[in-house]
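Asker: Attaching a predicted model along with its sequence, questions to come.
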Amino acid sequence: MFSLRSNRYGILRLHIRKDQPVGPSWKCRIAAPRLAELRLRGIRRLRSPANDNVPTANWLLMIGTLLIVVLFKTSQNLAGAYGIAISGTMLVTTILLYRVAIGSWRWPPAVAIFIIMVFGAIDATFVASNSLKVVEGGWFPITLGAAMAGLMLCWRQGSSIVRHRLQDMSMSLESFVDNIDKMVVARPPGVGVWLTKVAHGASPMLLHHVKNNSVLHETVILMTFVADRRPRVPLGERHLIEGLGHGIYRIQVRP
């Protein structure tokens, strides 16, 4: 069981009890005197998940580099793979520039197409000249790039299927809040925190808990971590607290 405890400074700490079975009704409880004392800004991230992956990525890059050196043996054999990799990267970057120019920079389509065609023609010339070296080693970056692209497409499709599945199994927050008093027989005192991926609905985990136990904490927090495309999120936009009524609050965190 997971539990969140607060000390006198309002800093939350996560406690994991190994003697408790992990089931579908995971619960997080906050032992804070008042809900107003919860300050997300006081939570200090001791270790970032992104930083934890850096050593693994470095080891994989080192192993991959050594395997390439052993595979091609000489720099002359590696020239074909290098030329395809560099020219292909330039062409793909130019193509992706069109989407950035239209979506983010708000360029007129005619201007964006003209610029992309100019730079794309130059990059395509380099790709065509290096395509003669596909057999001599250029196959390696093409194969590796295709494998990585296939992996990312599968990951994206799988995430989309899971997200739609969760939305189909969830209930709208409006219906959940309006009918919560009819769905439970008691609201014991305390604060329950539910981690959910469903940002605009009651998660299947919460519905399963209410259906089987018919009880819910007097104060309920629905916490959702939202991935942001920006590398750094401003401090004022890192969390959003919204009161839904009946002692239910929704918190969206952008780490």
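Answerer: Thanks, I have it.
Asker: Averaged pLDDT, the helix or strand containing R163. What do you get?
Answerer: Element membership for R163, per DSSP states H and E: helix 139-169. Confidence for helix 139-169, expressed as mean pLDDT, is 89.
Asker: next structured bit after that helix?
Answerer: strand 171-172.
Asker: so where do the strands sit in the stretch 1-150 of the chain?
Answerer: Counting by DSSP state E, counting those that start in this stretch, the stretch 1-150 of the chain has strands at residues 2-6, 12-16, 28-31.
Asker: If you count neighbours, what's buried in the helix holding R163?
Answerer: By neighbour count with 16 or more other CB atoms under 10 Å, helix 139-169 contains the buried residues 140-141, 166. No exception for glycine: its C-beta is placed from N, CA and C like everyone else's.
Asker: for stretch 55-73, same thing?
Answerer: When burial is assessed from 16+ other CB under 10 Å, stretch 55-73 yields the following buried residues: F72.
Asker: hmm, who's touching that stretch?
Answerer: 78, 81, 137, 140 (CB atoms under 8 Å, 6 or more residues apart in numbering).
Asker: For M90, which non-adjacent residue is closest in space?
Answerer: Distances taken as CB to CB, 6 or more residues apart in numbering place D123 nearest to M90, at 4.5 Å, with adjacent residues excluded.
Asker: So the residue lying closest to G190 once chain neighbours are set aside: helix, strand or coil?
Answerer: Counting by CB to CB, 6+ apart, G190 lies nearest to H217, which is 4.8 Å off, once chain neighbours are set aside. Here H217 is recorded as coil under DSSP: H, G, I helix; E, B strand; the rest coil.
Asker: Is H217 in contact with A186, as I believe?
Answerer: No. Checked against CB atoms under 8 Å, the pair H217 and A186 is beyond contact range at 10.1 Å.
Asker: the more surrounded of these two?
Answerer: H217 (20 against 9; other CB atoms under 10 Å).
Asker: Tell me how far the more buried one lies from R165.
Answerer: 27 Å (CB to CB, to the nearest Å).
Asker: Quick test: name the residue nearest the centre of the chain.
Answerer: A227 (4.6 Å; CA atoms, centre = their mean).
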